[in-house]
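**Student:** just a sequence and a predicted model for now, questions to come.
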Amino acid sequence: MGRILRPLISGGPYRALAFYVGELVLGIVAFVLLVVGWVLTLVFCITPLVVPLLIGLRIGVGLLAQAEAALVRGLLGVSVHPPVSSPAVGFWNRGLAVLRDPAFWKQQAHLLAAAPIALIPITVTYWALELVALPVWHRWADSTDVIGFIDVDSVSESLPFAAAGLVLLVVIAHLLGPYTAFSRRLGHRLLSGEPGRVLSPEERRARRLQALTIDALISTAIVIALVVIWALTSTRYFWPVWPLLALTLVVGIPGWVALVLERREISRLTLGSKAIAIQIGISAILAGFLVAVWAITTSGYFWPIWPILALVFVAVAHGAIVYARREHQIERLEESRAAAVDVQESELLRIERDLHDGAQARLVALGMSIGMAEEKLRTDPEGAQLLLAEARTDARQALEELRDLARGIRPPILTDRGLEAAIGALVTRAPLRVSLTVELEERPPAGVETAAYFVVAEALANAIKHSGATRVAISIRKIDDDLVAQVTDDGRGGADASGGGLAGLDQRVRALDGTLRVASPPGGPTTVRADLPCA
């Protein structure tokens with residue numbers, strides 16, 4: 001008996017119920033915020049106001065997620081710290097960063113699931129407590145008010161229901177354990193802010209094809225079921241043609257997108273742009289859908305010609321933009337080629353200068369000390385010993401200078417263990433709090449890896465020396481075909497992008513046809529972001 005009643009004595013079920021009450025309140029608030037926020041965002045999606053709306057929605061979702069995380073930490077014992085913002089450089093990039101941030105969508109999923117998940121244990125517990133208290137309050141309520149189906153007129157009639165309520169409370173106390181474990185896992189997966197495991201290209205392809213297969217099977221099953229219902233109920237107007245057309249869009253559009261992603265030769269026919277290939281295919285599917293609607297409803301005026309012409313115009317405009325951008329990229333490649341020559345020349349001059357002024361001078365002094373020691377070895381052994389000691393010191397200093405020179409070209413740890421280990425070594429030596437996030441499926445090309453390393457190293461050094469920062473966030477991830485290295489500090493800001501160090505980084509990045517952006521308003525924060533093409 002003690003084992004059966006133990007959950008009622010422990011504090012676990014009561015903490016769980018308090019958690020679900022808080023989740024219900026936050027879930028209702030979140031539902032209102034998401035409905036209002038997304039409606040406003042969609043209304044102003046073609047205006048610049050969409051960016052501040054997205055940023056405001058991101059902050060609101062992040063704050064509510066932090067409130068949920070506080071409940072998860074305090075009542076369920078899971079340490080989660082969801083991010084509130086999606087940092088980026090540039091006006092439009094800030095809005096895109098919100099849409100690209102996986103944490104933003106995970107937090108919304110948890111907020112939307114909070115109320116339905118919390119409502120189940122709260123409702124069942126309320127019913128159980130209502131039954132337990134039935135002997136007290138039944139006399140003041142109509143029989144229809146007691147859960148809707150219990151007719152009680154006296155205390156003796158209510159006692160069996162009160163006993164059933166006690167049993168239900170015990171069952172709820174036992175079931176709250178696994179139910180709360182599910183809430184813990186859900187909170188950790190959706191609120192932790194951790195990036196999770198990075199999928200390989202093969203895994204992404206398998207999941208994409210699996211989702212497409214499920215989509216096609218479900219749509220086919222729905223069409224077959226509707227045709228069977230039509231055959232059993234009526235043989236006149238074939239009304240399943242309408243859901244069939246709608247489901248054609250549901251299957252055809254993602255199917256075409258998957259085909260373009262799988263077959264590279266399709267995008268080669270459209271200026272090498274997957275976006276244009278996807279747009280043309282979707283436009284063709286929509287045109288076929290409109291023509292089918294016209295054919296089914298009427299054979300009169302061919303009204304689909306106007307939306308088809310609009311789709312063609314948009315596709316042509318998209319192609320012109322891509323072509324103009326391609327021409328601009330050719331010009332940038334010519335500039336980056338010149339920048340690469342300049343970088344190589346400056347690197348050679350630096351190496352020559354460091355060798356001449358440092359290691360070469362040390363080695364010359366080393367040779368002179370050894371020669372003088374040879375002359376004094378027989379006549380003045382003590383003087384020869386002093387000269388050998390000096391030679392040993394010169395040899396050690398020359399070796400250190402050669403190591404520093406090699407480290408300035410490409411650190412050995414970067415060659416041996418990759419970008420994460422090399423930047424991790426920088427982080428461990430930093431005298432302030434540094435968070436490092438690296439999301440790479442495979443090692444990038446050597447030139448890109450080296451450029452990313454020096455961007456992070458220079459930005460981190462500037463944050464330590466000049467910004468007065470207390471925290472630095474380093475993020476390295478693969479976005480499409482670009483390696484994106486971003487360093488953000490909470491310092492005083494005001495960094496000069498044309499300064500010597502950052503100007504040299506910009507030249508190094510442009511040599512790889514990349515872009516370096518520096519955002520450092522007075523008062524901070526400072527964000528340095530490098531986008532380096534890997535293709």
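**Tutor:** Perfect, thanks for sending it.

**Student:** packing partners for the helix or strand harbouring Leu505?
**Tutor:** According to DSSP states H and E, Leu505 maps onto helix 500-510. Secondary-structure packing of helix 500-510 (3 or more CB pairs under 8 Å, 6 or more residues apart in numbering; DSSP states H and E): helix 305-354, helix 446-462, strand 515-519, strand 526-533. The way it works is simple: take the backbone N, C-alpha and C, and place the C-beta from them, glycine included.

**Student:** model confidence for the residue lying closest to Pro121 once chain neighbours are set aside, exactly?
**Tutor:** Nearest non-adjacent residue to Pro121, counting by CB to CB, 6 or more residues apart in numbering: Tyr20, 5.3 Å away. pLDDT for Tyr20: 89.

**Student:** Ser369 now?
**Tutor:** pLDDT recorded at Ser369 is 69.

**Student:** please parse this structure into its domains.
**Tutor:** 2-191, 201-303, 339-409, 416-533 (automatic domain parsing).

**Student:** tell me which of the ones you listed sits most buried.
**Tutor:** domain 416-533 (a mean of 18; mean count of other CB atoms under 10 Å).

**Student:** how close does Pro522 get to Gly491?
**Tutor:** Going from Pro522 to Gly491 by CB to CB, to the nearest Å gives 11 Å.

**Student:** next one: Ala503
**Tutor:** Going from Ala503 to Gly491 by CB to CB gives 20 Å.

**Student:** same question for Leu259.
**Tutor:** Distance from Leu259 to Gly491, counting by CB to CB: 48 Å.

**Student:** any weak-confidence spans in the stretch 1-150 of the chain?
**Tutor:** Within the stretch 1-150 of the chain, the segments meeting pLDDT under 70 span 1-9, 89, 137-150.

**Student:** quick one, helices of it?
**Tutor:** For the stretch 1-150 of the chain, applying DSSP state H, counting those that start in this stretch gives helices covering 2-9, 12-43, 50-71, 91-100, 102-132, 134-137.

**Student:** the helix or strand following the last one to helix 102-132, inter-axis angle?
**Tutor:** Along the chain past helix 134-137, the next helix or strand (assigned with DSSP H and E) turns out to be helix 155-191. With axes from the mean of the first three to the mean of the last three CA atoms, to 10 degrees as the criterion, the two stretches helix 155-191 and helix 102-132 enclose an angle of 170 degrees.

**Student:** please name the nearest non-neighbouring residue to Gly165.
**Tutor:** Once flanking residues are discounted, Gly165 sits nearest to Leu131: 2.8 Å by CB to CB, 6+ apart.

**Student:** who are the contact partners of that neighbour?
**Tutor:** Leu131 makes contacts with Ile147, Phe161, Ala162, Ala164, Gly165, Leu168, as judged by CB atoms under 8 Å, 6 or more residues apart in numbering.

**Student:** do you know how far it is from Arg392?
**Tutor:** Taken as CB to CB, the span from Leu131 to Arg392 is 90 Å.

**Student:** repeat that for Asn462.
**Tutor:** For Asn462, the distance to Arg392 (CB to CB) stands at 37 Å.

**Student:** by mean pLDDT, flag the weakest helix or strand of this protein.
**Tutor:** helix 2-9 (a mean of 64; mean pLDDT, DSSP states H and E).

**Student:** Thr270 touches Ser283, doesn't it?
**Tutor:** No. Here Thr270 lies out of contact with Ser283, judged by CB atoms under 8 Å, at a distance of 11.9 Å.

**Student:** thinking again about what came up before, and of the domains of the chain, who's closest to Ala320?
**Tutor:** Judged by CB to CB, the one of these that comes nearest to Ala320 is domain 201-303, at 10.1 Å.

**Student:** distance from that closest one to the middle of the chain?
**Tutor:** Relative to its parent chain, domain 201-303 has a centroid offset of 30 Å by CA atoms, centre = their mean, to the nearest Å.

**Student:** now do stretch 37-52
**Tutor:** Between the centre of stretch 37-52 and the centre of its chain there are 21 Å (CA atoms, centre = their mean).

**Student:** what residues does that stretch touch?
**Tutor:** Contact with stretch 37-52 is made by Leu53, Leu54, Gly56, Leu57, Gly60, Val61, Phe91, Trp92, Arg94, Gly95, as judged by CB under 8 Å, 6+ apart.

**Student:** just send those residues back as a markdown table, with distance to Thr220 too.
**Tutor:** Shown next, in a markdown table, are the contacts of stretch 37-52 (distance: CB to CB, whole Å):
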| residue | distance to Thr220 |
| --- | --- |
| Leu53 | 39 |
| Leu54 | 37 |
| Gly56 | 42 |
| Leu57 | 37 |
| Gly60 | 41 |
| Val61 | 37 |
| Phe91 | 45 |
| Trp92 | 41 |
| Arg94 | 42 |
| Gly95 | 38 |
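
**Student:** quick one: which of the residues you listed is nearest Gln385?
**Tutor:** Comparing these against Gln385 with CB to CB picks out Arg94 as the nearest, at 67.5 Å.

**Student:** which residues are in contact with the residue nearest to that closest one when sequence neighbours are not counted?
**Tutor:** Excluding its sequence neighbours, the residue lying closest to Arg94 (CB to CB, 6+ apart) is Ala88, at 4.7 Å. Applying CB under 8 Å, 6+ apart to Ala88 gives the contacts Arg94, Leu96, Ala97, Thr527, Arg529.

**Student:** mind listing what the first one touches?
**Tutor:** When you say that, I think you mean Arg94. Arg94 makes contact with Val51, Leu54, Ile55, Ser86, Ala88 under the criterion CB under 8 Å, 6+ apart.

**Student:** in a markdown table: the domains of the chain, plus distance to His328.
**Tutor:** Below are the domains of the chain laid out as a markdown table (distance: least, CB to CB, whole Å):
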| stretch | distance to His328 |
| --- | --- |
| domain 2-191 | 17 |
| domain 201-303 | 13 |
| domain 339-409 | 16 |
| domain 416-533 | 12 |
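
**Student:** residue farthest from the centroid of this structure?
**Tutor:** Thr379 (74.2 Å; CA atoms, centre = their mean).

**Student:** show me the contacts for it.
**Tutor:** If you count contacts by CB under 8 Å, 6+ apart, Thr379 has none.

**Student:** verify the assumption that it is located in a helix.
**Tutor:** No. The assignment for Thr379 (DSSP: H, G, I helix; E, B strand; the rest coil) gives coil, which keeps it out of a helix.

**Student:** low-confidence ranges in the stretch 301-450 of the chain?
**Tutor:** The stretch 301-450 of the chain contains residues with pLDDT under 70 at 329-366, 369, 373, 375-378, 383-384, 387, 394, 397-411.

**Student:** how far away is Pro52 from Ala88?
**Tutor:** Relative to Ala88, Pro52 is positioned 14 Å away (CB to CB).

**Student:** just the CA trace of stretch 455-466, in PDB.
**Tutor:** Taking Å, rounded to 0.1, in the frame of the first residue of the first chain, the C-alpha atoms of stretch 455-466 are listed here in PDB:
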ATOM      1  CA  VAL A 455      39.400  36.100 -39.300                       C
ATOM      2  CA  VAL A 456      38.500  34.500 -35.900                       C
ATOM      3  CA  ALA A 457      42.000  35.000 -34.400                       C
ATOM      4  CA  GLU A 458      42.100  38.700 -35.400                       C
ATOM      5  CA  ALA A 459      38.600  39.500 -34.300                       C
ATOM      6  CA  LEU A 460      39.200  37.700 -31.000                       C
ATOM      7  CA  ALA A 461      42.500  39.600 -30.500                       C
ATOM      8  CA  ASN A 462      40.700  42.900 -31.200                       C
ATOM      9  CA  ALA A 463      38.000  42.100 -28.700                       C
ATOM     10  CA  ILE A 464      40.500  41.200 -26.000                       C
ATOM     11  CA  LYS A 465      42.800  44.200 -26.600                       C
ATOM     12  CA  HIS A 466      40.500  47.100 -27.600                       C
END
